[in-house]
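Participant: generate coordinates for the sequence data below:
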Amino acid sequence: MSIIDNLKNIISSGIINKELKKKDNELKSFGGSFKKSFSVFVIMPLNETDFHHSFEVLRFLEQNKKHLVIFLNDYRVSLLPQSLKSKAFPFNANDINKVNLPSKVLMQKIQENNYNAVVDLNREENVLFEYISFITKAPLKIGFKKNNSDKYYNFQMINSSEDADVSYKNLVNCLQMF
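Facilitator: Numbering: from 1, shown residues only. Down below sits the predicted model:
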């Protein structure tokens, strides 16, 4: 990681920590909360292998009649299955500011919709996507366990496998319980 990238991460972490101080940390019960969720904002992984294996989660959500909004890089929309392309919420490099956080325009687009749940499918730490999950108004925020992920998600899946396929199957199995 270059010095500039390291500096950007420090600045973005400072901005996020300032926002997190305003966060409501009340305890929540998850019993049946995912089954009751209708609208789900899904953040697709950056990692190429993870991206393709995460389709299993999308199929599960679609089979359970969830209204999906799939957040992904604009150049990856064509890689989605045909049935999911219309549910894409693409972003590009212009939507990310100099400290690797979403632009004001992108934040407004995300916040104008109310989602019942956010599912971040990134298994690797990524400040941009973690912050995006934080700024949504969704009461249920699901993601993989990473450094500092307690700040962003109220439901975390421990990623005990290096194999992406196993990790996403475990996530689907976990979601079936709720």
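
Participant: report the beta-bridge partners for the residue nearest the centre of the chain.
Facilitator: The chain has residue 120 as the residue nearest its centroid, 2.4 Å off, counting by CA atoms, centre = their mean. Per DSSP bridges, the residues bridged to residue 120 are residue 43.

Participant: pretty sure it contacts residue 143?
Facilitator: Yes. Assessed by CB atoms under 8 Å, residue 120 is found in contact with residue 143 at 3.9 Å. To be clear about C-beta, it is placed using only N, CA and C from the backbone, and glycine gets the same treatment.

Participant: which neighbours do those two have in common?
Facilitator: Contact criterion CB atoms under 8 Å, 6 or more residues apart in numbering; residues bridging residue 120 and residue 143 by contacting each: 130, 133, 152, 153.

Participant: just the buried subset of those residues, written out for ChimeraX, thanks.
Facilitator: Listed next is the ChimeraX selection for buried residues among the shared contacts of residue 120 and residue 143, using 16 or more other CB atoms under 10 Å:
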select :130,133,152,153
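
Participant: can you name the element that comes right after the helix or strand harbouring residue 40?
Facilitator: If you go by DSSP states H and E, residue 40 is part of strand 39-43. Remark: after strand 39-43, the chain's next helix or strand is helix 48-53, criterion DSSP H and E.

Participant: in that next one, what's buried?
Facilitator: 50, 51, 53.

Participant: could you do stretch 125-132 as well?
Facilitator: Quick answer for stretch 125-132 (16+ other CB under 10 Å): 126, 127, 128, 129, 130, 131, 132.

Participant: state which strand of this protein is the longest.
Facilitator: strand 67-73 (DSSP state E).

Participant: before we move on, back to that, buried residues in the strand holding residue 40?
Facilitator: Neighbour counts over strand 39-43 (16+ other CB under 10 Å) mark 40, 41, 42, 43 as buried.

Participant: and if you look at stretch 94-105?
Facilitator: Of the residues in stretch 94-105, 95, 97, 99, 101, 102 count as buried by neighbour count, 16+ other CB under 10 Å.

Participant: tell me what the longest strand of the chain is packed against?
Facilitator: Helices and strands touching strand 67-73, as assessed by 3 or more CB pairs under 8 Å, 6 or more residues apart in numbering; DSSP states H and E, comprise strand 39-43, helix 55-63, strand 88-91.

Participant: picking up where we left off before, can you redo the buried residues of stretch 125-132 as JSON lines with distance to residue 9, secondary structure and pLDDT?
Facilitator: What follows is these, written out as JSON lines (distance: CB to CB, whole Å; DSSP: H, G, I helix; E, B strand; the rest coil; pLDDT from 0 to 100):
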{"residue": "126", "distance to residue 9": "11", "secondary structure": "coil", "pLDDT": "89"}
{"residue": "127", "distance to residue 9": "7", "secondary structure": "helix", "pLDDT": "89"}
{"residue": "128", "distance to residue 9": "11", "secondary structure": "helix", "pLDDT": "92"}
{"residue": "129", "distance to residue 9": "14", "secondary structure": "helix", "pLDDT": "94"}
{"residue": "130", "distance to residue 9": "12", "secondary structure": "helix", "pLDDT": "91"}
{"residue": "131", "distance to residue 9": "12", "secondary structure": "helix", "pLDDT": "91"}
{"residue": "132", "distance to residue 9": "16", "secondary structure": "helix", "pLDDT": "94"}
